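Trainee: pasting the structure only:
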């Protein structure tokens, strides 16, 4: 990445239960945690992190198995890549910096981690913003032919090893470019330096295993956790703001607000005129949303 992409931020490697986590921190004020999606890294926040750091202490981390965080091996129950394990990583990172309570914004896989974090560690989350997802359990239970065709990777990546891993490892950069480029906006919205960072990290050994295990966890152990919450009527208590791309698959296949209102107590949200990669397709609009939403609780 270019030096100006996260000007004023410092890099940290933080250990949580033997897992090394790469973190970038900058700014001052109330704490705000940013969690990236697939197949990206914390670099996806480069267009909004600087302006946000004028008002907040911004912490952007690479999820385990992604970016420059540690790659872990596969496990029989896929638990090392459960959203519960990744949420615990995030809480540990914030406690490392002394933040017992903080706001969270997550995109894609990071939004699923943020959802689990708000359920498992409710006292830590002041406000929650989720970008371009519906609840995982609702998406699997509401799968249609249209969704399965559009999100075919969900069902390919959960197949037993090593078939999906081999497909990624055959050409990691092509996998990334073809996957991201096939979405609504193509590759045009991605800054060259950010795209180069995604490509570099995709080629790190162990990335394919991490990706597949993340998706396998989402279709197995994560659903067990979600069903247990549903049975217990355990809902997200923090104020929740959801944003999704009007040109994306989630908007086309799901009633996003209704699904979130079924699992959270205070929900607002709207579409943005873009596809899936909101932070890079509509950074100015996202920044305005984040400032308005997160500043409601700021002193």
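Mentor: Right, received. Where do you want to start? Nothing here was measured: the structure is a model prediction, and the numbers come from that model.
Trainee: what about residue 70, distance to residue 294?
Mentor: To residue 294, residue 70 is 29 Å away according to CB to CB, to the nearest Å. Placement of C-beta: from N, CA and C, glycine included.
Trainee: got it, and residue 47?
Mentor: Residue 47 sits 17 Å away from residue 294, going by CB to CB.
Trainee: And these two? Which one has more around it.
Mentor: Legend: neighbour count by other CB atoms under 10 Å for residue 47 and residue 294, higher for residue 294 (24 against 18).
Trainee: excluding its backbone neighbours, what's nearest that one?
Mentor: Distance criterion CB to CB, 6 or more residues apart in numbering; nearest residue to residue 294, sequence neighbours excluded, is residue 103 at 4.9 Å.
Trainee: I'd say that neighbour and residue 118 touch.
Mentor: No: Residue 103 is not in contact with residue 118 according to CB atoms under 8 Å; the separation is 10.6 Å.
Trainee: now the strands for the protein?
Mentor: For the chain, strands defined by DSSP state E occupy the ranges 10-16, 19-27, 31-35, 57-61, 102-107, 125-131, 240-245, 267-272.
Trainee: In a markdown table: those strands, plus mean pLDDT, distance to residue 87 and mean neighbour count.
Mentor: Formatted as a markdown table, the strands of the chain follow (pLDDT from 0 to 100; distance: least, CB to CB, whole Å; neighbours: other CB atoms under 10 Å):
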| stretch | mean pLDDT | distance to residue 87 | mean neighbour count |
| --- | --- | --- | --- |
| strand 10-16 | 97 | 11 | 13 |
| strand 19-27 | 98 | 13 | 21 |
| strand 31-35 | 98 | 9 | 26 |
| strand 57-61 | 98 | 12 | 26 |
| strand 102-107 | 98 | 10 | 26 |
| strand 125-131 | 98 | 10 | 25 |
| strand 240-245 | 98 | 15 | 24 |
| strand 267-272 | 98 | 20 | 17 |
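Trainee: For residue 153, find the nearest of those.
Mentor: strand 102-107 (16.2 Å; CB to CB).
Trainee: List the contacts of that closest one.
Mentor: Applying CB atoms under 8 Å, 6 or more residues apart in numbering, the contact partners of strand 102-107 are 30-37, 40, 44, 56, 59, 90, 94, 112-115, 117-118, 124-132, 277-279, 290, 294, 297.
Trainee: Report the angle between it and strand 57-61.
Mentor: For strand 102-107 against strand 57-61, the angle by axes from the mean of the first three to the mean of the last three CA atoms, to 10 degrees is 40 degrees.
Trainee: what angle separates strand 102-107 from strand 31-35?
Mentor: Angle of strand 102-107 versus strand 31-35, following the same axes, to 10 degrees, is 20 degrees.
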